[in-house]
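Q: one predicted model, sequence on top.
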Amino acid sequence: MNPPVWRKSSRSGGSAGGGDGCVELAALTGVIGVRDSKAPDAGHITLSAESFAQLITALKQGELHL
C-alpha cells in the first residue's frame, strides 16, 4: 500500500512547517484525511466526503468562529 499523498493549499504561503499554520489534506480510502502541517506526526482526523463538503461550506460562509 502506498503512503497517502498530503497536499497543502498553494495559498498557505510556504512549505510545510513554514509560514502561518495550515492544514494538509489527503484522499484516503473512502475518506478525507486532515492534519496540521506544522505537526504532521501528531496524527490526523478523517471526514467523509459529505462532512468535508459541509465543513468547507461553513468556512466559506463564515459560520465557524475560529
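A: Nice, thanks for sending it over. Residues are numbered from 1 along each chain as shown.

Q: can you pull out the strands in the protein?
A: For the chain, applying DSSP state E gives strands covering 7-8, 23-28, 31-36, 45-47.

Q: can I get these in a markdown table with mean neighbour count and mean pLDDT?
A: In short, each C-beta sits where N, CA and C put it, glycine included. What follows is those, written out as a markdown table (neighbours: other CB atoms under 10 Å; pLDDT from 0 to 100):
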| stretch | mean neighbour count | mean pLDDT |
| --- | --- | --- |
| strand 7-8 | 14 | 92 |
| strand 23-28 | 16 | 95 |
| strand 31-36 | 18 | 96 |
| strand 45-47 | 14 | 98 |
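
Q: looking at these, which is closest to Leu66?
A: Shortest distance between Leu66 and these, using CB to CB, is found for strand 23-28: 11.5 Å.

Q: ok so, going back, in a markdown table, list the strands of the chain along with distance to His65.
A: Shown next, in a markdown table, are those (distance: least, CB to CB, whole Å):
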| stretch | distance to His65 |
| --- | --- |
| strand 7-8 | 23 |
| strand 23-28 | 17 |
| strand 31-36 | 19 |
| strand 45-47 | 19 |
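
Q: which one, of the ones you listed, ends up nearest to Leu59?
A: Between the strands of the chain, strand 23-28 lies closest to Leu59; by CB to CB that is 10.7 Å.

Q: just give the nearest non-adjacent residue to Val5, would you?
A: Ala26 (6.0 Å; CB to CB, 6 or more residues apart in numbering).

Q: got it, and Leu64?
A: Spatial nearest neighbour of Leu64, chain neighbours left out: Ala58 (5.3 Å); criterion: CB to CB, 6+ apart.
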